[in-house]
Each structure stands twice: as C-alpha cells, then as structure tokens.
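**Q** The amino acid sequence is not available; the structure is as follows:
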C-alpha cells in the first residue's frame, strides 16, 4: 500500500506538471517548486517511519493552502489524503474528514468543467486506493495463513518423527522381550534336558567297566533325552521362523516404500492368488526385475506413480510393474532390460514390455515345485 501511494503520487505530480507546461501558465516556476516540496515531504514520510504523520500533515497543509490560490493544486489533494490511509486505526475519521475537505474545495473550483472533473478524479483516486488496500490486506491474510500452515506442517512433522521414534522404541522393546522369552525357554527346557543327558553319559562312563549293562541303560536314557532336546529345538525354530511368502511379500513392500521415501514417487502393491506356491528362485527373479524396473522409471519415465500387481494363477504367475510416465514408442534394450530377460528365461519364463500407456514390464513365470526349480538351476 505504501509503495502504491508513492508511485501514484509521483505520477499525479508529473501529470499536473505536464498540464501546466501545456497551458504555459505564468506561475510555472512556483508550481514546480510546490511539486518538489510536495514530493519531498512524501519521500520523507516514506523514509522516516517515526515521523511519517508529521510529514504527511505538512504535505496536506501545503496542498490545502495553495489550492485556495491555484486551482490546479486541488488535483494533488485526493492523493495526499489517501496517503493517510496507511494509519489503520484512523481510517474512519480520515475518510470522513478527507471527504468533507475535498467537497469543500470542489465548490471553490472556478468552473463547472473543473468541478465535474474534480469529482470524477476524487472517485477514481479513492476507488483505486481502496482496491489496492483490500488486495494488500488479502495478501497479508494469505501470508498469515501460509505462516500458520507452515507452523502446523512443522508441528505435524515433529509429531510424525516422534511417532516413528516411539514405534521404533516399541519394536526394539518387543524384540528384546521376545529374545528374553527364547532365552528362558531354552534355559528352562533345553538346558535341563541336555544337562540331564550329559550327567547320564558321565555316569555311564563311570560305571562302564564295572557294570556294562547299567552303563548301556544310562547311555540309552542319555540318547533319548538328547533326542528330545533336539526335537524341542526344531519345534522352537519352526514356530519362530516367519512364513516364507510373508517374508518375500514384505521385501517387495519394503523396496517400494524405500523408493517412495527417497524419490517422492507414489507406489502401490496388490497381489492375488496363492502366493505360497512360489519358490525362492521365483521370488528372487521378481525382486530383481522390480528393482531394475524402478531404476528405469527413475532414469527415463518422468513418472509420478508406480503400480505393482502380482497374480498367481493355476500353473503360472504374472508380475506387472507399470508407471504413468511419458510414452516411449522406440526404446532400446539396455543392460537392465537384457538382465531382466535373462533372469526370466532361466526359469523358462517370458518378459513382456508394453509402452502404450506409460511403461509396463510384465514377468510371466511357470509355477513348478522346488525340486524342479533346483534341477533347472543346476542344468
């Protein structure tokens, strides 16, 4: 608002001065001096904020006094009054007093043409000034809203970081608790049985020469006790081991989440069918093709979203990685695509690339047993 008042006042002074030059009035020298004084007071009010009101009052007094003797000075008066509108707490009295002052001076203009033009000029100046003031206020409101949003974003970011820290702390606590439980279980169950077996074997060793039959019984008992301990170890390992398909699905999800976190590209993963039919070799191929597809998306696609679908049908699977990037009709097979084709072909599969919508890489693999897979890899 202050910058607008300064520019508008300078343009007004220049217009009045140009009008005086055109009319070639004899008071041209006095007019130039008056305009220089008026502009000087305006610049002083803009430069020294502490004394702004004093300089604006002096400017208003100069224009008000000169307007009694030189009617052309009246056209500086509306712009002078609007300079006071920067005083927010006094806008109501300023508009009321300024409007009355302008109407008073309009009556004393020498002819009807100047009165009409004076009224139109007053309306124009106040309309432009109020519009600019409204826009400035709206801008300040937007800036305040932006600051509030920035503060809220920072607060939410802090809460998110804190929640992550809490989640990590709970996860570590759960791991420690589970570890402690396994330690107690091994100590209480397995330790007792293995210690008992060891004692029986030592007793058998001690009585072997004196009573071979008794030593054999002790050895049989030690063997049975040790076998029970081994069975307990297998049960514990089997119960604590994660399901293989769950582990591999989590690997794919982790890879996609890492890609989103690093490059801010949205990802989604959907799977259908019995994923437990997939072998470890097939999971390795799918994960390798996924990583290469994500790398190509980052390098060439200029995409904002990556979608992954895994369909497990009877006898084969279909693994699709697609993005919404730019279309590439004529693409060259680089080392990445050739590597995907080679991995897929090792399991008698097929790699299909579609560029009609974005870039889609589809891996099709037959579903076979683990034994067949090992034989195939050995061959």
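**A** Thanks, I have the structure now. Here the structure is a predicted model, which is why all the values come from computation and not from measurement.

**Q** C-alpha from now on. contacts and neighbour counts both.
**A** Fine.

**Q** Please enumerate the helices of the stretch 101-250 of the chain.
**A** Using DSSP state H, counting those that start in this stretch, the helices found in the stretch 101-250 of the chain span residues 112-185, 191-207, 212-240, 244-263.

**Q** neighbours around the closest residue to residue 198 other than its chain neighbours, how many?
**A** Counting by C-alpha to C-alpha, 6 or more residues apart in numbering, residue 198 lies nearest to residue 222, which is 6.9 Å off, once chain neighbours are set aside. Residue 222 sits with 24 neighbouring residues when counted by other C-alpha atoms under 10 Å.

**Q** What of residue 265?
**A** Neighbour count for residue 265, taken as other C-alpha under 10 Å: 18.

**Q** contacting residues for it?
**A** Counting by C-alpha atoms under 8 Å, 6 or more residues apart in numbering, residue 265 touches 259, 303-306.

**Q** so which of those residues would you say is closest to residue 120?
**A** For those, the minimum distance to residue 120 (C-alpha to C-alpha) is 55.4 Å, reached by residue 304.

**Q** OK, contacts around the closest one?
**A** Contacts for residue 304 (C-alpha under 8 Å, 6+ apart) come out as 265-266, 323-325.

**Q** between the residues you listed, which has the most around it?
**A** residue 323 (25 neighbours).

**Q** give me phi/psi at that residue?
**A** phi -130, psi 170 (degrees, to the nearest 10).

**Q** check contacts around it.
**A** Contacts of residue 323 (C-alpha under 8 Å, 6+ apart): 297, 301, 303-307, 358-360.

**Q** Please, where are all the helices along the stretch 251-379 of the chain?
**A** Using DSSP H, counting those that start in this stretch, the helices of the stretch 251-379 of the chain run over 280-296, 335-346, 370-378.

**Q** Just give the nearest non-adjacent residue to residue 269, would you?
**A** residue 308 (4.7 Å).

**Q** Okay, and the beta partners of that neighbour?
**A** residue 269, residue 321 (DSSP bridges).

**Q** right, and residue 216 touches residue 204 too?
**A** Yes. Between residue 216 and residue 204 a contact is recorded at 7.0 Å, counting by C-alpha atoms under 8 Å.

**Q** Backbone dihedrals for the residue lying farthest from the centre of the chain, both of them.
**A** Within the chain, the residue lying farthest from the chain centre (C-alpha atoms, centre = their mean) is residue 210, at 81.9 Å. The phi/psi pair for residue 210 (degrees, to the nearest 10) reads phi -80, psi -40.

**Q** Quick check, pLDDT for it.
**A** In this prediction, residue 210 carries a pLDDT score of 78.

**Q** Look up how far residue 203 lies from it.
**A** For residue 210, the distance to residue 203 equals 12 Å [C-alpha to C-alpha, to the nearest Å].

**Q** same thing with residue 306?
**A** Using C-alpha to C-alpha, one gets 68 Å for the distance from residue 306 to residue 203.

**Q** More neighbours: which of those two?
**A** The residue with more neighbours, out of residue 306 and residue 203, is residue 306; 24 against 16, by other C-alpha under 10 Å.

**Q** pretty sure that one contacts residue 324?
**A** Yes. Under the criterion of C-alpha under 8 Å, residue 306 makes contact with residue 324 at 6.9 Å.

**Q** Mutual contacts of those two, please.
**A** Between them, residue 306 and residue 324 share no contacting residue, judged by C-alpha under 8 Å, 6+ apart.

**Q** Neighbour count: residue 216 and residue 204, which is higher?
**A** residue 204 (23 against 16).

**Q** residues in contact with the more buried one?
**A** 214-216, 218-219.

**Q** at 6 Å what do you get?
**A** Residues near residue 204 by C-alpha atoms under 6 Å, 6 or more residues apart in numbering: 215, 218.

**Q** Please shift the residue numbers so they start at 3 in all later answers.
**A** I'll keep to 3 as the first residue from here, and by that count the last item is residue 206.

**Q** if I look at it, how far off is residue 217?
**A** 4 Å.

**Q** Rebuild the contacts of residue 325 as CSV, extending it with pLDDT and distance to residue 67.
**A** Listed next are these as CSV, based on pLDDT from 0 to 100; distance: C-alpha to C-alpha, whole Å:
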residue, pLDDT, distance to residue 67
299, 89, 75
303, 82, 72
305, 89, 69
306, 90, 68
307, 93, 71
308, 94, 74
309, 94, 77
360, 83, 75
361, 89, 78
362, 92, 81
